[in-house]
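Trainee: Structure for this input, please:
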Amino acid sequence: MSVMAPGVDKKLTGLVAATFTPFTAQGEINLSVIGPYIDYLTEKQSVKSIFVNGTTGESMSLTVEERKILAEEWCQRAKGKMDQVIVHVGCMSLKDSQELARHAAEISADGIAVIAPSFFKPSTADVLKKFLQEVASVAPTLPFYYYHIPAVTGVNVLVRDVLVDIEKLIPSFRGVKFSGSDLMDFGLCVSHSKPHWSFLYGVDEQLLAALAMGANGAVGSTYNYVGCDFNQLLAAFQKGDLVQARTIQFKLQELLSYAMKLGFDLGVNKQLMAEVSGLCLGPPRLPVMPCPLDRAQSIAKKYRSIFT
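Mentor: So this is what the prediction gives:
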């Protein structure tokens with residue numbers, strides 16, 4: 001994958017799978033799964049872009065060195081097979097975030113994303129923008145995305161306030177991974193966006209609503225195993241076939257509603273992906289607990305009854 005200068009890089013659109021991090025049974029990162037994982041996404045799910053080391057990838061439970069090793073493996077294995085690999089580099093420490101951003105540039109990632117720090121939290125949009133600027137400045141040739149997920153970070157700064165004059169601070173700014181449910185904030189962002197920005201929605205069960213507001217695509221964990229179906233949703237929406245688009249959206253809502261009644265969390269989601277794909281992803285890392293096998297199998301059975 002090539003790194004393009006700001007302004008001429010390829011716009012990020014469509015489905016982007018937020019990848020799970022494979023672990024061994026002993027809890028160590030398992031690089032051997034990444035090649036088959038990419039083949040599964042491209043060949044079975046028709047998903048050609050990935051967002052690695054994010055929330056789904058348990059990034060905050062990984063060391064900086066582990067994140068570097070994983071990012072490099074994802075980028076190397078994706079060459080010639082995927083359109084874009086976006087590496088999440090956000091950390092609690094500004095210095096760690098900068099180190100990961102520099103590394104992402106060195107390994108020819110297609111872009112970087114940064115989550116807001118969630119221990120010492122930025123209290124205003126200006127403070128948050130300053131943090132993002134400091135990270136982006138060490139990798140100025142990489143497209144930069146702000147990763148908004150207030151339910152996890154507790155940072156409820158409106159994204160539309162973050163976007164004010166953002167390119168004056170971050171010339172490489174290219175968009176937002178918007179994993180929040182505030183569609184008014186999302187709509188105001190889209191309505192004041194620039195043509196080269198991408199707004200990727202991150203609440204999978206509400207994607208259709210976000211598309212109606214102008215989303216350019218989506219980043220989510222469920223696109224690891226419902227990618228084919230949601231590519232059909234995107235195609236139906238683009239054709240104006242809302243009946244078909246709703247039908248697919250409602251299927252995911254039915255699956256997630258069932259899963260949530262059984263206690264759907266990252267550990268369950270990871271095991272569900274393993275059950276559906278056949279990939280050996282290993283357990284999550286503490287404090288996330290592994291999913292009981294019978295629960296994962298029950299949700300996988302529901303998945304197959306809905307999507308196959």
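Trainee: from what I can see Ser59 touches His88, true?
Mentor: Yes. Using CB atoms under 8 Å, Ser59 is in contact with His88, at 5.8 Å. Bear in mind the C-beta positions are built from the backbone N, C-alpha and C, glycine included.
Trainee: Need the residues touching each of the two.
Mentor: Common neighbours of Ser59 and His88, using CB atoms under 8 Å, 6 or more residues apart in numbering, are Asn53.
Trainee: if you count what's nearby, which of those two comes out ahead?
Mentor: In this view Ser59 and His88 are compared by other CB atoms under 10 Å, and His88 has more residues nearby, 29 against 21.
Trainee: The more buried one contacts Val52, doesn't it?
Mentor: Yes. At 6.8 Å, His88 counts as touching Val52 under the criterion of CB under 8 Å.
Trainee: What mean pLDDT does the longest helix along the chain get?
Mentor: Secondary structure of the chain per DSSP state H: the longest helix is helix 242-261. Helix 242-261 shows a mean pLDDT of 97.
Trainee: hmm, who's touching that helix?
Mentor: With contacts defined as CB under 8 Å, 6+ apart, helix 242-261 is touched by 204-205, 207-208, 211, 222, 226, 229-230, 232-233, 236-237, 264, 268-269, 272, 299, 302-303, 306-307.
Trainee: Recalculate using a threshold of 7 Å.
Mentor: Helix 242-261 has contacts (CB atoms under 7 Å, 6 or more residues apart in numbering) with 204-205, 207-208, 222, 226, 229-230, 232-233, 236-237, 264, 268, 299, 302-303, 306-307.
Trainee: List the buried residues of it.
Mentor: 245, 248-249, 251-252, 255-256, 258-259 (16 or more other CB atoms under 10 Å).
Trainee: swap in stretch 73-86?
Mentor: Judged by neighbour count (16+ other CB under 10 Å), stretch 73-86 contains these buried residues: 73-75, 77-78, 82-86.
Trainee: still on that earlier bit, among the contacts of helix 242-261, which ones are in helices?
Mentor: 207-208, 229-230, 232-233, 236-237, 268, 299, 302-303, 306-307.
Trainee: give me the element Gln98 is part of.
Mentor: In this structure, Gln98 sits in helix 94-106 according to DSSP states H and E.
Trainee: C-terminal to that helix, which secondary structure element comes first?
Mentor: Using DSSP H and E, the helix or strand that follows helix 94-106 towards the C-terminus is strand 111-115.
Trainee: what's the following helix or strand after that following strand?
Mentor: Using DSSP H and E, the helix or strand that follows strand 111-115 in sequence is helix 125-136.
Trainee: neighbouring contacts of the helix or strand following that next one?
Mentor: For helix 125-136, the succeeding helix or strand toward the C-terminus, using DSSP H and E, is strand 144-148. Applying CB under 7 Å, 6+ apart, the contact partners of strand 144-148 are 86, 88, 90, 111-115, 132, 136, 159, 162, 170, 172-180.
Trainee: Stretch 198-214 too?
Mentor: The contact list for stretch 198-214, computed with CB under 7 Å, 6+ apart, reads 11-13, 16, 149, 174-179, 181, 183, 186-187, 189-190, 193, 215-220, 222, 233, 237, 245-246, 249, 252-253, 256.
Trainee: Can I get it as PDB, trimmed to CA atoms?
Mentor: These are the backbone C-alpha positions of stretch 198-214, laid out as PDB (Å, rounded to 0.1, in the frame of the first residue of the first chain):
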ATOM      1  CA  SER A 198     -15.100  10.700   5.000                       C
ATOM      2  CA  PHE A 199     -17.700  10.100   7.600                       C
ATOM      3  CA  LEU A 200     -17.800   6.500   8.600                       C
ATOM      4  CA  TYR A 201     -20.600   5.500  10.900                       C
ATOM      5  CA  GLY A 202     -19.800   3.000  13.700                       C
ATOM      6  CA  VAL A 203     -23.100   1.900  15.200                       C
ATOM      7  CA  ASP A 204     -23.700  -1.000  13.000                       C
ATOM      8  CA  GLU A 205     -27.400  -1.600  14.000                       C
ATOM      9  CA  GLN A 206     -28.200   2.000  12.900                       C
ATOM     10  CA  LEU A 207     -26.200   2.200   9.700                       C
ATOM     11  CA  LEU A 208     -29.200   2.800   7.400                       C
ATOM     12  CA  ALA A 209     -30.200   5.900   9.300                       C
ATOM     13  CA  ALA A 210     -26.700   7.300   9.100                       C
ATOM     14  CA  LEU A 211     -26.600   6.600   5.300                       C
ATOM     15  CA  ALA A 212     -29.700   8.700   5.000                       C
ATOM     16  CA  MET A 213     -27.800  11.500   6.800                       C
ATOM     17  CA  GLY A 214     -25.000  11.200   4.400                       C
END
